[in-house]
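Visitor: need a structure here:
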Amino acid sequence: MNLRSRFTFPIASFALFLLLAIAHTWPLITNPAGLSRNDTHDTVLHEWILAWDAHAIATGPLNLFNTNTFYPERDTLAYSDHIIVQIPLVEDSLVPMAKLAAEGVIVCASFVYSAAQAIIAAKAGAATISVSLDELERYGQPGSRTLAEIKNALEAGEEECDVMASGLSSSVQFAESAIAGADIVCLTPEALRNLVVHPLSDRGVDRFLSNLAKRPRSRIAT
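Guide: Okay, the predicted model is just below:
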């Protein structure tokens, strides 16, 4: 079997299924950056959940779970997919945060920059604390040290609350977050790729390939 005939069937199969996908999702291929499908049940449901969350948090956060569906039933948002609500830690958000936590909603408190704030958020019912290391360091506050203080304070108070490190821009911050005890680390795809890259790793791979190319090829007797 020659090389051409070996790849004819896979290439033809790929082309067929690509054409079928284009036909099935037409006209998405004409504008992939601006079009999306919303004719499936799951897509429409998630669009509605996001729209309702934005509306309820802005107008009446205490009634977040009392949606405009299945009237007169209450807490009908719980009938849909599991969600996490992120709420900024400000004075006016403490009561809604406690209310949502009491109703079983997983709450993530954001804009937390000190151990005192973290304790208050955990007492209010937050299941996760989001700490932005980049913002702390721009303010002149050591990010990893603050993260460790928050983690130690929560553990000392026996609070069941995860600490999430966000705004990481380097592998050093990633390592410091892990050492400080972060339960979750939020990374961009670019930052995640940078974790794998190291000059010595690249140099070692180059040396390995160079040594491999210099090895004599074994001969097989026929």
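Visitor: Can you give me the domain boundaries for the chain?
Guide: 21-81, 86-206 (automatic domain parsing).
Visitor: What is the distance between the first one and the centre of its chain?
Guide: Distance of domain 21-81 from the chain centroid (CA atoms, centre = their mean, to the nearest Å) equals 19 Å.
Visitor: Could you do the longest one as well?
Guide: The chain centre lies 13 Å from the centre of domain 86-206; the measure is CA atoms, centre = their mean.
Visitor: related to what we said a few turns ago, save the domains of the chain as TSV, and put in mean pLDDT, mean neighbour count and distance to Phe9 too.
Guide: For glycine as for every other residue, the C-beta is placed from the backbone atoms N, C-alpha and C. Converted to TSV, the domains of the chain look like this (pLDDT from 0 to 100; neighbours: other CB atoms under 10 Å; distance: least, CB to CB, whole Å):
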stretch	mean pLDDT	mean neighbour count	distance to Phe9
domain 21-81	78	12	19
domain 86-206	88	17	34
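Visitor: Could you provide these in TSV, with additional columns for distance to Ala12?
Guide: Conversion of the domains of the chain to TSV gives the following (distance: least, CB to CB, whole Å):
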stretch	distance to Ala12
domain 21-81	15
domain 86-206	33
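Visitor: got the contact list for the helix ranked longest in the chain?
Guide: Longest helix in the chain by number of residues (criterion: DSSP state H): helix 3-24. Residues from elsewhere that reach helix 3-24 (CB atoms under 8 Å, 6 or more residues apart in numbering): Ile29.
Visitor: ok, then the element right after it?
Guide: Using DSSP states H and E, the helix or strand that follows helix 3-24 towards the C-terminus is helix 41-59.
Visitor: which helices and strands does that following helix pack with?
Guide: strand 84-88 (3 or more CB pairs under 8 Å, 6 or more residues apart in numbering; DSSP states H and E).
Visitor: The strand it packs on packs against which elements?
Guide: Of the remaining helices and strands, those touching strand 84-88 by 3+ CB pairs under 8 Å, 6+ apart are helix 41-59, helix 94-102, strand 106-110.
Visitor: distance of the residue nearest to the spatial centre of the chain from Thr8?
Guide: Centroid-nearest residue in the chain: Cys186, 6.0 Å away (criterion: CA atoms, centre = their mean). Counting by CB to CB, to the nearest Å, the gap from Cys186 to Thr8 is 46 Å.
Visitor: No further questions, thank you.
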